[in-house]
Structure formats: structure tokens, C-alpha cells
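A.B. asks: return atomic coordinates for the entry below.
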Amino acid sequence: MVRGLRRLLLPAAPGGLRHRLEDEQGNALVEFVVLAAALLIPTLYLVLTLGNVQAAAFAADTIARDAARIHATESDPDRAAARASRHMELVLEDHGLPPGDVVELSCSEDPCATAGGVVTARVRIPVPVPGLGPILGETGPVAVGAAHAVPVDQYRADL
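C.D. replies: Numbers count the residues shown, from 1 in each chain. Okay, here's the model as predicted:
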């Protein structure tokens, strides 16, 4: 009975609706999987890349702020450089970034911790792009930067 009703309702012309319904072989699942993969792979790549960029942004901000503070508060320039370098290594490691010298320090006075001076730290971190290392080189096309300036206490007494 259903078959007869179906023939009655659907046109029998070649290429008609009845012909198309009978020829459906279940390709929708294959099409869905291919389309989902085609959209999922670039989206996943974008998420990974943005995660790396955000990690580098957090690291750059932390390194710039703390390097300037260390140099503004430490009276011994060699000890300040060693502390800032160790801190930079730890932050880069914590954020999963390759180690390197990423800090540029400038001081308004010499030595840096002179009372009333300003210590400025500028950080530039190259961000590795996942999967494109051999094409773009080790660093990739993205670099994240941060800067922080800290005034040295004008009433500072060297201890």
C-alpha cells in the first residue's frame, strides 16, 4: 500500500523526485565527514596558533615588567642582570617558548639603579607557528612585544 501511494504522489519522469529518492546511496555521511574535516583542520590550526601567540604575549608582558623591576631595585648591576636572565629563562620555559635573549634594557642613568632614574625593558619574542617551521624558518612570521618602564625610587639608599 505504501509503495502504491508513493508512486501516486511522486512524479515518474526520469530525473524526477521519485527517481532521485530511489537513487540515494547514503553518500550524505561521506560528504559530512569530508566537509567536517575540511573545516575542522584549519580551525584547529588557528586555535593552536592563537594559543602560541597568547602564551608569548603573557610571557613578554611578565618578562618586561619583572626585568625592569629587578634592575630598578637591585644595586649591583651584575647581580641584576643574572637575576633578570634567570627569570626570563623560567618564564619562557613555563610558557613553552624556545629560550633566547629577548630583553633589551635601557636606563636613563648610569648605573641603572641610580635614584630618580627610569629603567625601561623592551621584550620581543618570536612565536613559532606550528607545522610551518620548515617553510617560514624557526621563528615564523609572528613576533610579540611588550615594554615596561619603572622609575627608581628617588629616595633610594644603596644597601
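
A.B. asks: okay but residue 72 is in contact with residue 119, surely?
C.D. replies: Yes: counting by Cβ atoms under 8 Å, residue 119 is a contact partner of residue 72 at 4.4 Å. Every C-beta, even on glycine, is put in place using the N, C-alpha and C of the backbone.

A.B. asks: intersection of neighbour lists for those two?
C.D. replies: When contacts are counted by Cβ atoms under 8 Å, 6 or more residues apart in numbering, residue 72 and residue 119 are jointly contacted by 112-113, 150-152.

A.B. asks: could you pick out the longest helix of this structure?
C.D. replies: helix 28-73 (DSSP state H).

A.B. asks: now the element after that helix, going C-ward?
C.D. replies: Under the assignment DSSP states H and E, the closest C-terminal helix or strand after helix 28-73 is helix 77-94.

A.B. asks: for the next helix or strand after that next one, packing partners?
C.D. replies: Later in the chain than helix 77-94, the nearest helix or strand by DSSP H and E is strand 103-107. Judged by 3 or more Cβ pairs under 8 Å, 6 or more residues apart in numbering; DSSP states H and E, the packing partners of strand 103-107 are helix 28-73, helix 77-94, strand 118-127.

A.B. asks: tell me which of those sits most buried.
C.D. replies: Across these, the average number of neighbours (mean count of other Cβ atoms under 10 Å) peaks for strand 118-127, which reaches a mean of 21.

A.B. asks: for it, which strands pair with it and how are they oriented?
C.D. replies: strand 103-107 (antiparallel), strand 142-151 (antiparallel) (DSSP bridges).

A.B. asks: export these as CSV, with columns for distance to residue 91.
C.D. replies: Listed next are the strands paired with strand 118-127 as CSV, based on distance: least, Cβ to Cβ, whole Å:
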stretch, distance to residue 91
strand 103-107, 10
strand 142-151, 11
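
A.B. asks: ok, which of those comes nearest residue 60?
C.D. replies: strand 142-151 (3.9 Å; Cβ to Cβ).

A.B. asks: and the closest one, what's buried?
C.D. replies: Neighbour counts using 16 or more other Cβ atoms under 10 Å place 144, 146-148, 150 of strand 142-151 among the buried residues.
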